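In: Below is the sequence, then the predicted model.
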Amino acid sequence: MSQKNYIIPIFIPELACPFQCLYCNQQKISGELKTPSDSEIRKIIDNHIETIPKGTHIELAFFGGNFTGIPFEEQQHFLEQVQDYIKQGKIRSIRCSTRPDYINEKVLEMLKSFNVKTIELGAQSMEEEVLMMSGRGHSLEDTVQASKLIKDFGFDLGLQMMIGLPGDTKEKSLNTARKIIELGAENTRIYPTLVIRETKLEELYHAKKYKVLSLKEAVEWTSEILELFEKANVKILRVGLHPSEGLLDGSELVAGPFHQSFRELVYTEIWHKKLINLKSDSDLITIIVNPKELNYAIGYNGENKKFLKEKFKKVIFKTDLNLKDRDFEIHI
């Protein structure tokens with residue numbers, strides 16, 4: 001049995017981010033996220049550890065901003081708070097997220113000395129035009145060089161991407177995924193672009209200079225991207241934004257393909273494409289899948305089973321542990 005992994009998130013906002021990404025409301029983020037004190041960090045860690053089953057691989061992650069963009073001494077100070085937990089074997093490693101242009105040898109040497117194992121870069125796109133139109137403030141070459149440096153220092157590399165940014169297309173997003181694979185990323189996160197209140201992207205949206213992806217488009221794009229990553233053995237840590245209160249109640253969301261079960265919709269779409277061409281003269285069809293794939297094969301809200309019932313009077317799903325991944329059998 002494979003060991004379970006668990007990430008303890010610690011949010012460290014970079015309150016003075018100099019960049020103006022069109023989709024980000026840095027002022028709002030800065031106002032809502034406060035830097036945790038040493039005691040608060042330890043309390044967060046202790047509370048998580050108490051609830052995590054024994055034998056779990058526990059990793060601590062510094063999220064919430066560009067970790068390597070905060071003052072060098074502060075980075076060290078935050079990392080120092082975790083070292084006793086690592087020495088005691090309670091936490092196995094550390095990961096942090098940052099920007100491609102915030103990486104250099106001095107930073108990497110320091111991170112290495114404090115047991116950081118994984119560095120995630122917010123690449124967002126591997127298309128120069130998309131980066132420029134989105135106000136990212138870094139180039140494709142910055143991402144390429146930072147990725148190579150991270151790999152050369154022996155870190156695991158994470159490259160996050162966004163779909164539907166200004167100037168983006170399905171083929172450009174697929175190319176971004178291919179480039180992430182080419183750069184040797186061990187893991188990734190896929191986020192559809194959303195229009196959030198009080199951002200430059202909201203202004204463009206209302207001026208009809210930016211068009212959001214529909215939920216259907218976002219699901220279709222992501223399903224193809226996800227399969228590329230799976231074939232390349234790139235671990236997919238997240239698909240879709242975490243459903244915060246502001247997104248769920250609509251108070252912060254202006255437009256865009258947000259769905260609190262976005263990942264399930266994507267997996268439903270992948271199975272839809274596998275099952276859509278099934279044909280038979282029989283009225284009864286039995287589809288056998290791995291137990292972990294059962295809900296996705298049936299589909300979100302039973303969507304896949306519903307479309308199959310348009311072809312067959314009776315549709316039965318069964319499970320078989322001997323089937324791997326999305327392999328399936330049909331009995332008619």
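Out: Here it is on my side, so go on.

In: ranges for the helices of the protein?
Out: 26-32, 38-51, 72-87, 105-113, 128-133, 140-152, 170-182, 200-206, 215-231, 245-248, 262-275, 294-298, 303-308 (DSSP state H).

In: Comparing the ones you listed, which comes out most buried?
Out: Of the helices of the chain, the one with the most neighbours on average (mean count of other Cβ atoms under 10 Å) is helix 262-275, at a mean of 20. C-beta: built from backbone N, CA, C; applies to glycine.

In: pLDDT at residue 25, what is it?
Out: Residue 25 carries a pLDDT value of 73.

In: Mean pLDDT lowest where, among the helices of the chain?
Out: Looking at the helices of the chain, the weakest mean confidence is helix 26-32, a mean of 51.

In: partners of the residue nearest to the spatial centre of the chain in the sheet?
Out: Geometric centre of the chain, nearest residue: residue 189, 2.2 Å, by Cα atoms, centre = their mean. Beta-bridge pairing for residue 189 (DSSP bridges): residue 160, residue 238.

In: check contacts around it.
Out: 120, 158, 160-161, 236-239 (Cβ atoms under 8 Å, 6 or more residues apart in numbering).

In: ok, so of those, who is nearest residue 25?
Out: Nearest to residue 25 out of these is residue 160 (Cβ to Cβ; 18.3 Å).

In: doesn't residue 119 make contact with that closest one?
Out: No. Contact criterion Cβ atoms under 8 Å: residue 160 and residue 119 do not qualify, at 11.3 Å.

In: any residues in contact with both of the two?
Out: Joint contacts of residue 160 and residue 119 (Cβ under 8 Å, 6+ apart) are residue 97.

In: The two: who's more crowded?
Out: Remark: of residue 160 and residue 119, residue 119 carries more neighbours, 27 against 19, as counted by other Cβ atoms under 10 Å.

In: what about that one, distance to residue 262?
Out: Separation of residue 119 from residue 262 (Cβ to Cβ, to the nearest Å): 25 Å.

In: again, but for residue 55
Out: 30 Å.

In: What are the phi and psi values at the residue of the chain most remote from its centre?
Out: The centre of the chain is farthest from one residue, residue 281, which by Cα atoms, centre = their mean lies 42.3 Å away. Dihedral angles of residue 281 (phi, psi; degrees, to the nearest 10) stand at phi -80, psi -10.
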